[in-house]
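Novice: sequence-free structure coming up:
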């Protein structure tokens, strides 16, 4: 027995010791121990991240960059250390390419408003896909409307995979940008971004990769991927809310106009003219979210120490197990059955509404997400109002999946 | 029907009914049952102008004004919302616009269903309560205008 246990620890992930690091997992909901399966919306935070937040406010809260006193120096060092950690995490070439934002959405908007407004002209084309989150649709729609440009949509098949030949046909001299989600939040599909980037570059277009869902699961190397922009959010990587990273190739970030004006993004201000600061500060106007940015490094450390490969293996095991268990529930249909998926299962059950499923699962202490997942066009593609979605993280277990299955059986009985 | 059929009396009646249940499952089973029993809304009413938009479930609401009283008919594609709608109709339908506008609807909290009115964008119930009150305001305003003209 001891042997099996030690083998588990060496080769795989010791999920029970991981769980101990997440205090929220001990709480009860509706009289039962919480089962948290809404990780694709936001992940829970380990104690180390919570401690980092408290430690900042308790010991060295100060505004960064401009102060000469000890607290400001300590806060600045910790803040900038997160930039270095983030650079390393996605393998960017330099720290100047790492811009702090509020999250993925702000990263996309930043590029749409700066690069987009400067470079998109009437008749130009921007390509996105049918599985985009509203955050990767609306900013480009705004640019296209303003510039009289055209938004083109890569269609998908019934499994929830991009139709690559269609994509390749769309690329042409008018294509200025391809903005594509690396992993679909609603389906879990992993898109072949490398192939897509190479094809786009051949056509002379730039590529923005929305990494909101992918960064926590996959190894990200922006240099190998060769994307021009990449954005993700800290809170989906066991970090705090309100912090995100925008990566951009240096020469692009240098040539783009500024986004917001204010403190920190300037070198010299006179009433006649302002000289803007160098990268990365050029895009970081105003006092940033210092505490959460600092704590984000602790979240990245947690992932590195646990081991991304181990986490991925664990999540894939959960995905395979949950898929096989859920498929046995009569009337249940999984939406999104791509060959390559992250640990996300979207489903509907015959003659039931996803919202009812969500309410009744919550009543049993199980948190799933229901609705259109901010991807209404995608739901329309499948002809459904929405789905229920269970998404798994490092701390989830097979026992919890069993609870979901038992819960669903009970829920279906109540609803039908 | 009880002799005292004010909004408050019906609310009290519902609260008493729910006090008989000792588990959440029982409460929800009852609500689901009410939802299933709510007569379906005729297809001709299921048009966009009768749609109350929630983020997840759709509610269709129709109001009729007869003899100084408002009568509601509604439906939803989600059964729990439908059950809650059925309770709201039971409480509000058949009352004057003034009574509906004044209604506190505290029974929703008392039966433990406040979450369904929370600002989570998750369903159309909150929007539906607002819409019911809006209808009452419109009928009251129209009536005032008519009386004023005469």
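Specialist: Looks like it arrived, so ask away. Everything quoted here is computed from the prediction, not taken from an experiment. Numbers count the residues shown, from 1 in each chain, chains lettered A, B, ... in the order given.
Novice: tell me the SS of residue A:177?
Specialist: Classification of residue A:177 using DSSP: H, G, I helix; E, B strand; the rest coil returns strand.
Novice: Just give me the neighbour total for it.
Specialist: The tally of other residues near residue A:177 (other C-beta atoms under 10 Å in any protein chain shown) stands at 26. All C-beta spots, glycine's among them, are computed from the backbone N, C-alpha and C.
Novice: Who does it form a beta bridge with?
Specialist: residue A:126, residue A:206 (DSSP bridges).
Novice: Okay, and residue A:166 sits in which element?
Specialist: helix A:164-170 (DSSP states H and E).
Novice: Just the buried positions in that helix, please.
Specialist: By 16 or more other C-beta atoms under 10 Å in any protein chain shown, the buried positions in helix A:164-170 come out as A:167, A:170.
Novice: number of nearby residues for residue 29?
Specialist: If you meant another chain, say so; for now it's chain A. For residue A:29, using other C-beta under 10 Å, the count is 15.
Novice: that's the other chain; I wanted chain B
Specialist: Neighbour number of residue B:29 under other C-beta under 10 Å is 17.
Novice: OK, contacts around it?
Specialist: residue A:414 (C-beta atoms under 8 Å, 6 or more residues apart in numbering or on different chains).
Novice: The helix holding residue A:166 - what's its average pLDDT?
Specialist: Average pLDDT, helix A:164-170: 98.
Novice: neighbouring contacts of that helix?
Specialist: With C-beta under 8 Å, 6+ apart, helix A:164-170 has contacts from A:125, A:127, A:129, A:152, A:154, A:155, A:192, A:195, A:196, A:199.
Novice: Work out the gap between that helix and the centre of the chain.
Specialist: 25 Å (C-alpha atoms, centre = their mean, to the nearest Å).
Novice: Of the contacts of helix A:164-170 - the most surrounded one?
Specialist: Highest count within the contacts of helix A:164-170 by other C-beta under 10 Å belongs to residue A:129, 27 neighbours.
Novice: List phi and psi for that one.
Specialist: phi -120, psi 170 (degrees, to the nearest 10).
Novice: do you know how far it is from chain B?
Specialist: Distance from residue A:129 to chain B, counting by C-beta to the nearest C-beta, to the nearest Å: 23 Å.
Novice: what do you get for residue A:391?
Specialist: Distance from residue A:391 to chain B, by C-beta to the nearest C-beta: 17 Å.
Novice: so what's that residue up against?
Specialist: So residue A:391 contacts A:37, A:38, A:39, A:40, A:41, A:188, A:343, A:344, A:345, A:369 (C-beta under 8 Å, 6+ apart).
Novice: again, only this time at 7 Å
Specialist: Contact analysis of residue A:391 by C-beta atoms under 7 Å, 6 or more residues apart in numbering or on different chains lists A:37, A:38, A:39, A:40, A:343, A:344.
Novice: what would these look like in a markdown table with neighbour count, distance to residue B:61 and pLDDT?
Specialist: Compiled in a markdown table, the contacts of residue A:391 are given as follows (neighbours: other C-beta atoms under 10 Å in any protein chain shown; distance: C-beta to C-beta, whole Å; pLDDT from 0 to 100):
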| residue | neighbour count | distance to residue B:61 | pLDDT |
| --- | --- | --- | --- |
| A:37 | 28 | 33 | 98 |
| A:38 | 19 | 30 | 98 |
| A:39 | 24 | 36 | 98 |
| A:40 | 27 | 33 | 98 |
| A:343 | 27 | 40 | 98 |
| A:344 | 27 | 35 | 98 |
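Novice: now, which of those residues sits nearest chain B?
Specialist: residue A:38 (12.6 Å; C-beta to the nearest C-beta).
Novice: List the contacts of the closest one.
Specialist: A:367, A:368, A:369, A:391.
Novice: ok, back up a step: how about the contacts of residue A:391, which pair is most distant?
Specialist: Spatial extent of those (C-beta to C-beta) is set by the pair A:38 and A:343 at 12.3 Å.
Novice: What separation do you get for residue A:377 and residue A:128?
Specialist: 10 Å (C-beta to C-beta, to the nearest Å).
Novice: In terms of neighbours, single out the busier of these two.
Specialist: residue A:128 (22 against 15).
Novice: In this structure the more buried one contacts residue A:175, no?
Specialist: No: look at residue A:128 against residue A:175 with C-beta atoms under 7 Å: they stay out of range, at 11.5 Å.
Novice: Which positions within stretch A:388-402 qualify as buried?
Specialist: A:388, A:389, A:390, A:391, A:392, A:393, A:394, A:395, A:396, A:397, A:400, A:401.
Novice: Also stretch A:92-111?
Specialist: Result for stretch A:92-111 [16+ other C-beta under 10 Å]: buried residues A:92, A:96-111.
Novice: mind checking the SS state of residue 105?
Specialist: Because you didn't say which chain, this covers chain A. Going by three-state DSSP: residue A:105 is helix.
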